[in-house]
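Novice: Got a predicted structure plus its sequence, pasted below:
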Amino acid sequence: MATALSAIEIEHLSYLYPDGHQALHDVTLRIASGEKVALVGPNGAGKTTLMLHLNGILMSKGEVLVCGQPITEKAVGRVRAQVGLVFQSPDDQLFSPTVFEDVAFGPIYQGLPEPEVRRRVDEALGAVQMAGYARRVSHHLSVGEKKRIAIATVLSMRPDVLVLDEPSAGLDPRARRGLINLLRTLPQTILASTHDLRLVQEFFPRMVVMDQGRVVADGPTERLLGDVALLEAHGLEKP
């Protein structure tokens, strides 16, 4: 099933929560290496559940491959190094006394030597334009600054894929613009779950619409955002 140019391949993925709620129904989705894809839909559509399968937090019926690697219990460590998952709230990701320690956590967990850890931290903070923040306390930063640091915590592991959950949530206009400018500089394949259709319109060439655990539309953003009937049918509004 895997191809050399695929970053993410999902085949017939279904997921049933322990309480009996069917969150995903036979989802099939492929994302090419380097693509920037937005995952949109109403609350409860299954977007976050789908994303949690991409680094093995959830596993269930179906097949999920990242960069050609099937996600299995034995391979989950390697997969998590390839997939950087950034949660909606950066406070779920930042837990160390300083920014440096937050960004260094992944490389240290990978067993890298100290000089390489420091190199990775400097590189990641530079990539998100936060080079002077290494000794700052993460929880004293603004929401926009925290979002950048959260992204740096995954960039320090040099992932091939970035998975972002509501990346623009809680940002003021300036921070939101800064986020878009940052995303434009990143070479990784990006999959982002978002309700911000203006962000989708500005940055993501491809849009996948989910509703009730199913992919109901997948195509060029410009075309899908122009389909008012489609948007209204799935709880979305044209930006």
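Specialist: Noted; the coordinates are in hand. Residues are numbered from 1 along each chain as shown.
Novice: And V117, what's its pLDDT?
Specialist: Looking at V117, its pLDDT reads 96.
Novice: swap that for S6, please
Specialist: At S6, the pLDDT value in this model is 89.
Novice: where does it fall, phi/psi-wise?
Specialist: In terms of degrees, to the nearest 10, the main-chain angles of S6 are phi -90, psi 130.
Novice: Not counting its neighbours along the chain, what's nearest the residue most central in space within the chain?
Specialist: Centroid-nearest residue in the chain, with Cα atoms, centre = their mean: V163, separated by 1.4 Å. With sequence-adjacent residues excluded and distances taken as Cβ to Cβ, 6 or more residues apart in numbering, V163 is closest to L85, at 4.8 Å. Heads up, the C-betas are built off the backbone N, CA and C, glycines and all.
Novice: what does Y17 give?
Specialist: Here the residue nearest Y17, using Cβ to Cβ, 6+ apart, is A23, at 5.8 Å.
Novice: how about that neighbour, secondary structure?
Specialist: The three-state assignment at A23 reads strand, by DSSP: H, G, I helix; E, B strand; the rest coil.
Novice: Give me the neighbour count for it.
Specialist: For A23, the count of nearby residues is 21 (other Cβ atoms under 10 Å).
Novice: go on, A38?
Specialist: 24.
Novice: all strands of the chain, in order?
Specialist: 6-16, 22-32, 36-40, 63-66, 69-70, 83-86, 161-165, 189-193, 206-211, 214-220 (DSSP state E).
Novice: follow-up on the earlier one: next up, the contacts around the residue nearest to V163.
Specialist: Going by Cβ atoms under 8 Å, 6 or more residues apart in numbering, L85 touches M51, L52, L54, N55, I57, V154, V163, D165.
Novice: I'd like the distance between it and E9.
Specialist: Counting by Cβ to Cβ, to the nearest Å, the separation of L85 from E9 is 17 Å.
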